[in-house]
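A.B. asks: please find the sequence and the predicted model below.
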Amino acid sequence: MKKTIFAISLLSSGFIFAQENKDSQVKEKEIQEVTLTKTKKAVEQKADRTIFDFSEQPSLNSGSLMEGIKKLPGLVASEMVGIMYQGKPLDVYMDGRPLNISSNELNAFMEGMPANSVERIEIITQPGAEFPATSGGAILNIITSKSAKNYLTAVYNGGYRFSNYDKYRSRFNNSLALNSRNKWFGWQVNLGQYYRESLSDSEFDALSKNHSNSLGRTYYMNSAFTFELGKDRLLLNYDISHNNNGSSITSDEFLNGFTRSNFTSDTKGLRQEAAATYQKKFEDKNKKLDFKFVYTNSNSDFNQQSTNNANLLDNSSKFNVYNFKIDYSQPLKILDEGKVSFGGLFDQQDFETKDKSIVNLDYTRQTTSGYVEFQTKLKKFDFIAGVRAENYNITGITRMFNDNDELEQKDLNAFKKFKVFPNASIQYNLMKQLFVNLNYNKKISLPSVSLLNPNNTTLKNNTITSNGNPNLQPTIYDNAEFKISAFDYAYISYNTSWVKDQIVQRVSREGDLIRNEQVQVNSLRTHNFSFGMPIPFMLFTTPFSELMKFNVNPDKMNLLYVYTGYQLQEMPDIKTKGFWIFSLMGQFILPKDIRFQANYNIIPARGNFYYFELEKPLNNALDITISKKFMSDRLNLSVYARDIFNQNKSVIIARSTGGSVYTSNKFDSRSFGISVNYKIPTKNKLAKEDPNMIKNTTQSENNGGVMNQGQ
């Protein structure tokens, strides 16, 4: 066993050494230019983030984005607990800008977004002072745009799949990405649609069983423009998406006998975002000065009716965000070398909800902040230290009917405070591609508008009530992490958080009424242990002396990737148990360069997600994907099967001081499909990647596309 571990360790170094040699080679051909080609890594570990490539991974980019992210090692996505990575709740960004949605709205958004429209996913586990302190424990940044091209290029993405839980249900998507540029400006447009039919069977104790057939339609357009203004650059973005979803629900209630009710619901949403960035250029390429303004508008309508046309719910919301920020950085001689960054942010959010014609929530959040951060190196040590100061002014009113059917207006619990958030990181480079990290940061998480929304419900009947909580207060995190990264694919880590006023979902029962609500836990402690390791199959068949002669790329070889994690949330009012996460990914390169990939994920029973205890294994699914490239790699064809044995079912006991509630939920998770990616040839044979338009990678933000460029 010791020999095997030693061999794996040495082989890891060999992989990196061989890959660096491969990437550094430039092949000369009898043409007028030289082309540099770099293979994308499936997983890349950095000091503050983990990057998962979607564009070249058929097992991830077929189906919806939600299905793709559920395969990421260490990530848990559930309607009950939201999205967590290695025990940390994730604040979701898109192209470097916060989405400002969560809960069921976020799930619907990701279900309605094709995974093949995503370039990569970045999980920023240690957000520094450059990020707003409201980023909470960690950030999931969805990078959607492709790198722009010279002249005109076009890429088509499409796919079809079906499920057969009790009958056939179809899902399909189509998108077209166009990119072009010339000497003075560049542009990029991505248009697409996604259609999906789905099933959900849910049960709450012996009181209510619900069978829901849903139909979702999503249409979107993402556009980006860049203008060269001498040495400076102006970047513009406009994104728009429209959702039109409907459900037919059969609800069986066992309250004073058996009652069957039928409902229909409709949800419509329109989200628009416009952004402008001015980048000031300097002679020193390491200097950066960016001015960015973002405006976001999101409107939604939800309506539920019974079969006798009684209008049970008629809710709507309006959400506006105004965001202006300045970021500056420059090299600074600190020890061996260093950099200083500082900037400021002003953010205002206005949120209004209606119950029929009554405005029952009028909410305003205003944040003003500034930061400074230093980075430096001393021999084998890298240091980061920063501080961010933020001032909050959160106010609002609610209007609700009291027990006497009188409309009563109340002020929300205002939050007007000035807070300071430090962060520090130390990395020791034991040897090339072997790092030890120690991190600390203090963060705050402000309640999302969907959790505040008093109309946050998807079903109303006689036994179930569900709503948001407009009086939720911010959550404060103190995060610490220790991590060893052996190379880009292997790591071991432990992190812990001391959390004040954590927002969690609680399901409780009062007589014959089941209440689903958002509450806050005054004091919470979380622990998370993670381990990931690739095991190449050639390790067991090839002498070690021969292995060291190979010029190996781990993304192009047969291997088994093993991930395991353990999470524990210590609650003050109930006894909790930790839960394990196990993930296996087998990659096989078959003849004719056919790639076969199998993913198996499971969270065993008996652990706790806050107030929820797993009665049966969660995320229990086996997926397979077979992919092949044709026509000089212009055509990428994939066929796949999701949850082959149809085992992915959520069976949970909701615990609270008032008792427990049995809940179960089954989706039509078993599906089969095909995905197509085709790079449409253009008449202009000179089309090639422009190195000045490639996406920049910075510590603060990795924003894709023409809109967000490097220096």
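C.D. replies: Good, I have the coordinates. Residues are numbered from 1 along each chain as shown.
A.B. asks: how about the contacts made by Lys339?
C.D. replies: 286, 329-332, 374-376 (CB atoms under 8 Å, 6 or more residues apart in numbering). C-betas here are computed from N, CA, C, even on glycine.
A.B. asks: report the buried members of those.
C.D. replies: 329, 374-376 (16 or more other CB atoms under 10 Å).
A.B. asks: quick check, nearest of those residues to Lys592?
C.D. replies: Lys592 lies nearest to Gln375 out of the buried ones among the contacts of Lys339, by CB to CB, at 47.1 Å.
A.B. asks: not counting sequence-adjacent ones, nearest residue to that closest one?
C.D. replies: Lys339 (4.6 Å; CB to CB, 6 or more residues apart in numbering).
A.B. asks: what pairs with the one you found across the strands?
C.D. replies: Pro331, Gln375 (DSSP bridges).
A.B. asks: need the pLDDT of it.
C.D. replies: Lys339 is assigned a pLDDT of 91 by the prediction.
A.B. asks: same question for Ile8.
C.D. replies: 36.
A.B. asks: same check, this time on the one 5 residues further on
C.D. replies: Ser13 is assigned 36 on the pLDDT scale.
A.B. asks: now do Glu352
C.D. replies: On the pLDDT scale, Glu352 gets 94.
A.B. asks: closest to Gln126 among the contacts of Lys339?
C.D. replies: Closest to Gln126, out of all of the contacts of Lys339 and judged by CB to CB, is Gln375, at 12.9 Å.
A.B. asks: from Phe374, how far out is the residue nearest to Gln375?
C.D. replies: 7 Å (CB to CB, to the nearest Å).
A.B. asks: any common contacting residues for the two?
C.D. replies: Leu332.
A.B. asks: need phi/psi at the residue nearest the centre of the chain.
C.D. replies: Centroid-nearest residue in the chain, with CA atoms, centre = their mean: Leu140, separated by 4.0 Å. In this entry, Leu140 is assigned phi and psi values of phi -110, psi 110 (degrees, to the nearest 10).
A.B. asks: that one contacts Ala77, correct?
C.D. replies: No. If you go by CB atoms under 8 Å, Leu140 and Ala77 don't touch, sitting 9.8 Å apart.
A.B. asks: which residues are in contact with both of these two?
C.D. replies: In contact with both Leu140 and Ala77: 69, 83, using CB under 8 Å, 6+ apart.
A.B. asks: give the contact list for the closest residue to Leu618 other than its chain neighbours.
C.D. replies: Excluding its sequence neighbours, the residue lying closest to Leu618 (CB to CB, 6+ apart) is Ile603, at 4.2 Å. Residues in contact with Ile603 (CB under 8 Å, 6+ apart) are 76, 579-582, 614, 617-620.
A.B. asks: do that again at 6 Å, thanks
C.D. replies: 579, 581, 618-619 (CB atoms under 6 Å, 6 or more residues apart in numbering).
A.B. asks: then Asp512?
C.D. replies: Leu255.
A.B. asks: give me the phi and psi angles of it.
C.D. replies: Residue torsions, per degrees, to the nearest 10, at Asp512 are phi -100, psi 20.
A.B. asks: who's the residue nearest to the centre of the chain bridged to?
C.D. replies: Here Leu140, judged by DSSP bridges, has bridge partners Val92, Ile123.
A.B. asks: go ahead and confirm it touches Pro89.
C.D. replies: No. Look at Leu140 against Pro89 with CB atoms under 6 Å: they stay out of range, at 10.0 Å.
A.B. asks: and stretch 649-667, what's its mean pLDDT?
C.D. replies: Mean predicted confidence for stretch 649-667 is 85.
A.B. asks: quick one: end-to-end length of it, please.
C.D. replies: Start-to-end span of stretch 649-667 (CA to CA, to the nearest Å) is 7 Å.
A.B. asks: what are the buried residues along that stretch?
C.D. replies: For stretch 649-667, by 16+ other CB under 10 Å, it's 649-656, 661-663, 665-667.
A.B. asks: from the residues you listed, pick the one nearest Ser62.
C.D. replies: The closest of those, once distances to Ser62 are taken by CB to CB, is Phe667, at 17.4 Å.
A.B. asks: what residues are up against the closest one?
C.D. replies: Ser200 are the contacts of Phe667 under CB under 6 Å, 6+ apart.
A.B. asks: the helices in the stretch 351-500 of the chain, which residues?
C.D. replies: Remark: helices assigned in the stretch 351-500 of the chain by DSSP state H, counting those that start in this stretch are 449-452.
A.B. asks: err, the stretch 51-200 of the chain, not the other one
C.D. replies: 58-61, 65-69, 103-111.
A.B. asks: by mean pLDDT, show me the worst of the ones you listed.
C.D. replies: Across the helices of the stretch 51-200 of the chain, helix 103-111 gives the lowest mean pLDDT, at a mean of 62.
A.B. asks: the closest residue to Leu332 other than its chain neighbours and Phe421, how far apart?
C.D. replies: Excluding its sequence neighbours, the residue lying closest to Leu332 (CB to CB, 6+ apart) is Val340, at 4.5 Å. To Phe421, Val340 is 18 Å away according to CB to CB.
A.B. asks: quick revisit: which pair in the buried residues of stretch 649-667 spans the largest distance?
C.D. replies: Every pair of the buried residues of stretch 649-667 checked by CB to CB; the farthest is Ser656 and Phe667, at 25.3 Å.
A.B. asks: where does the residue nearest to Tyr160 when sequence neighbours are not counted land on pLDDT?
C.D. replies: Spatial nearest neighbour of Tyr160, excluding adjacent residues (CB to CB, 6+ apart): Phe172 at 4.4 Å. Looking at Phe172, its pLDDT reads 91.
A.B. asks: what do you get for the one 4 residues further on?
C.D. replies: Here, the pLDDT recorded for Leu176 equals 86.
A.B. asks: test my guess that it contacts Leu191.
C.D. replies: Yes. Contact criterion CB under 6 Å: Leu176 and Leu191 qualify, at 5.4 Å.
A.B. asks: what are the boundaries of the strands in the stretch 151-300 of the chain?
C.D. replies: Remark: strands assigned in the stretch 151-300 of the chain by DSSP state E, counting those that start in this stretch are 153-163, 169-181, 185-204, 208-229, 232-254, 258-280, 288-306.
A.B. asks: in the third one, what counts as buried?
C.D. replies: Buried residues in strand 185-204, defined by neighbour count with 16+ other CB under 10 Å: 185-190, 192, 194-204.
A.B. asks: may I have that strand as CSV, with CA atoms only?
C.D. replies: Extracted in CSV, the C-alpha atoms of strand 185-204 (Å, rounded to 0.1, in the frame of the first residue of the first chain):
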residue,chain,number,x,y,z
PHE,A,185,-14.5,47.0,-32.1
GLY,A,186,-15.7,43.5,-31.5
TRP,A,187,-19.1,42.0,-30.8
GLN,A,188,-20.6,38.7,-29.6
VAL,A,189,-24.2,37.5,-29.5
ASN,A,190,-25.5,34.2,-28.0
LEU,A,191,-29.2,33.3,-28.7
GLY,A,192,-30.9,30.3,-27.4
GLN,A,193,-34.0,28.5,-26.1
TYR,A,194,-34.7,25.6,-23.7
TYR,A,195,-37.9,23.5,-23.5
ARG,A,196,-38.5,21.0,-20.8
GLU,A,197,-41.2,18.7,-19.5
SER,A,198,-40.8,17.3,-16.0
LEU,A,199,-42.5,15.4,-13.2
SER,A,200,-42.4,15.7,-9.4
ASP,A,201,-44.0,13.4,-6.9
SER,A,202,-43.9,14.7,-3.3
GLU,A,203,-45.3,13.6,0.1
PHE,A,204,-45.6,15.3,3.5
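A.B. asks: done for today, thanks.
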